[in-house]
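Asks: would you be able to build a 3D model of this:
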Amino acid sequence: MGDDVRVIFDPLFDGDRVRLPEGDGALPDAAPGGVLCASTVREADPSAVPPEIRTRSGEIVFVTSVRQAELEQFCTDNGIPLRSRPDVWGDLLEPFLDTEFDRRHRAATLERLAAAGVDAAEAAAIRERVRPLMVAYNSVHWDWFHLGLADLLDAARSDLVPEELRIPPEDLRAFRAWATDIAARPDRLP
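Replies: Below is the predicted model:
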């Protein structure tokens, strides 16, 4: 991730609260003062890359993978459901990995996206919109395994990406909402 504002938090799990260090990034609206109460958490996915907390208001809070077991325990202790979901952004950002995929693999990716509510035309439009940002971002990281929503949000404001490609600060909230809405698309399917 970039050296400026982080999108992955290194929290302290404290009973029925998650304490998010303010210096780690822009705090989610659901965590005023850096405290996310268990009652505001809808579900979590400790096995996601990176692990995720999903709030009742629809925000996604990313947690460093070294806290995966603590996140699981927090959820168990507080009766928070664990839910694995399709990695929509992992599939959308796959073309920007430092890896070549054959036609069969690309077709399977498009099938997963369609099952998640993103058809091939929309996938192409989304990829085109984020292409300059993600190409610049991954030209520094050289990631060949996975790029996902956390990477996209990091790239949006990373000092590793040329300034003219970054999302302007006044547009970051709308960009994050757009990206989070796409990540949540499978939740709205019948």
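
Asks: next, name the residue at the spatial heart of this protein.
Replies: Centroid-nearest residue in the chain, with CA atoms, centre = their mean: residue 149, separated by 3.0 Å.

Asks: measure that residue to residue 78 for me?
Replies: Using CB to CB, to the nearest Å, residue 149 is found at 24 Å from residue 78. In this view, the C-beta of every residue, glycine as well, is placed from N, C-alpha and C.

Asks: and what of residue 112?
Replies: Distance check for residue 112 against residue 78: by CB to CB, it reads 31 Å.

Asks: need the distance between the two termini of stretch 69-87.
Replies: 20 Å (CA to CA, to the nearest Å).

Asks: which non-adjacent residue is nearest residue 71?
Replies: Distance criterion CB to CB, 6 or more residues apart in numbering; nearest residue to residue 71, sequence neighbours excluded, is residue 46 at 4.7 Å.

Asks: isn't the one you found right up against residue 75?
Replies: Yes: in this structure, residue 46 is within contact of residue 75 by CB atoms under 8 Å, at 7.4 Å.

Asks: who touches both of the two?
Replies: Both residue 46 and residue 75 are in contact with residue 82, where contact means CB atoms under 8 Å, 6 or more residues apart in numbering.

Asks: can you find the helix or strand in the chain with the smallest mean pLDDT?
Replies: strand 8-9 (a mean of 88; mean pLDDT, DSSP states H and E).
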